[in-house]
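[1] sequence? don't have it. structure:
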């Protein structure tokens, strides 16, 4: 992940997620959190989502962000239950880690949803917009080997 990718990625994540509210959980092979009432909804058509592909955990606000080896292995039913508890919480801030694209969402409850962004072979998480306007793609993916892939309309990518 380059410094420029981190800057643009942070800007995109904050546009899509900041001040949004955690909505429904869509269960499946990948757990998907829907984000509603984001201020971006006025600019961007479609449903904003966060896919939790890799390891994640909930932390108290004051916690030091963990290393990958410190993340607990949470059984699927416990993951679903923990994520259901997030329904209705507002996303106050979004942080993108360095050098790994770990994702940290500060929530109105005072907790932090921490999502690992480091894997040698697989994607760890993605944030995007489903069902948006034709020809307009908004998506950011934490890919293998700490790569950050970003898709957004040209004007957004070119803005400082």
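    That came through, no problem. Model, not experiment: these values are computed from the prediction.
[2] mind listing what's buried along the longest helix along the chain?
    Across the chain, the longest stretch assigned as helix under DSSP state H is helix 3-17. If you call a residue buried by 16 or more other C-beta atoms under 10 Å, then helix 3-17 has these buried ones: 5, 6, 8, 9, 10, 11, 12, 13, 14, 15, 16, 17. Placement of C-beta: from N, CA and C, glycine included.
[3] what residues are up against the residue lying closest to the fifth one once chain neighbours are set aside?
    It refers to residue 10. The shortest distance from residue 10 to any non-neighbouring residue, by C-beta to C-beta, 6 or more residues apart in numbering, is to residue 96 (4.7 Å). Residues near residue 96 by C-beta atoms under 8 Å, 6 or more residues apart in numbering: 6, 9, 10, 13, 102, 103, 104, 117.
[4] the nearest residue to residue 144 once chain neighbours are set aside: neighbouring residues, count only.
    Distances taken as C-beta to C-beta, 6+ apart put residue 121 closest to residue 144, at 5.4 Å, once the chain neighbours are dropped. Other residues near residue 121 come to 7 when the count uses other C-beta atoms under 10 Å.
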